[in-house]
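> Can you look at this prediction? I've put the sequence above it.
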Amino acid sequence: MKITFIRHGYTPGNLEHRYIGRTDEQLSAYGIEEIRKRIYPEADCVISSPMKRCIETSEIIYPCIEPIIAEDFRECDFGDFEGRNYSELNGDTDYQQWIDSGGEMPFPHGESMHDFRERCCNTFINEISRIPGNSSVSMIVHGGTVMSVLSRFCIPESSYFDYQVKNGCGFLTEWNGKKIKILSEII
């Protein structure tokens, strides 16, 4: 099965380098323009996060395909960091502790990275198991979702941060039922 992982287009918060998780932002004009510039693989099926930015990205890339909405592909809950950027958090004790943990401790009043990664990987398995094996699927999701799934299932193995992807970009992959192999990048 061919699976294309695509991170949604830029939102206003992305352009300001803010932690945008549960905030349901729409794409920015720049984000829409950037999506329209790229060429994406064709798909038989589209699976999307329920967030507006993902659904809008899906509608631009695949206007004739109604996306399957996977509720648990929503972005991480950044808790007290939501809507803020590095410069606004600079000097915040909780933020410094989170940075010092390598991003592994839970976001204050938010989700832990462990729980987020598990949620994304479980959702991937649940959703992909419903799709016929000879299909081509595009998943319009969040950067952290792409990173979570690929760091768990990709061969050769690599770390979470090795799969960072810019807005509107992604990976064309092949799924053999157990592991993912990256075929090419969408840049």
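Ah, there it is.
> Could you tell me which other helices and strands the helix or strand containing residue 183 packs against?
According to DSSP states H and E, residue 183 maps onto strand 180-186. Packed against strand 180-186 by the contact rule (3 or more Cβ pairs under 8 Å, 6 or more residues apart in numbering; DSSP states H and E) you find strand 2-7, helix 143-153, strand 170-175. C-beta here means a position set from N, CA and C on the backbone, and glycine is covered the same way.
> Give me the contact list for stretch 113-120.
For stretch 113-120, the external contacting residues (Cβ atoms under 8 Å, 6 or more residues apart in numbering) are 72-73, 76-77, 103-104, 106, 144-145, 148-149, 151-152, 160.
> can I assume residue 154 is in contact with residue 163?
Yes - proximity of residue 154 to residue 163 meets the contact threshold set by Cβ atoms under 8 Å, at 7.4 Å.
> before we move on, the earlier item: tell me which of the helices and strands packed on strand 180-186 sits most buried.
Comparing these by mean neighbour count (mean count of other Cβ atoms under 10 Å), strand 2-7 ranks first with a mean of 24.
> Mind checking what helix or strand follows that one in sequence?
That would be, after strand 2-7 and using DSSP H and E, helix 12-15.
> From the structure, what's the count of residues near residue 178?
7 (other Cβ atoms under 10 Å).
> Next: residue 21.
Counted with other Cβ under 10 Å, residue 21 comes out at 23.
> Quick check: it touching residue 110?
Yes - the pair residue 21 and residue 110 qualifies as a contact (Cβ under 8 Å) at a distance of 7.4 Å.
> State the distance from the residue nearest in space to the middle of the chain to residue 47.
For the chain, the residue nearest the mean C-alpha position is residue 142 (1.9 Å; Cα atoms, centre = their mean). Distance of residue 142 to residue 47, given as Cβ to Cβ, to the nearest Å: 13 Å.
> Common neighbours of these two, please.
residue 73.
> Can you classify the residue of the chain most remote from its centre as helix, strand or coil?
Distance from the C-alpha centroid of the chain, by Cα atoms, centre = their mean, peaks at residue 91 (28.2 Å). Under DSSP: H, G, I helix; E, B strand; the rest coil, residue 91 falls in the coil class.
> Spell out which residues sit in contact with residue 3, please.
So residue 3 contacts 128, 136, 137, 138, 139, 172, 173, 174, 175, 180 (Cβ under 8 Å, 6+ apart).
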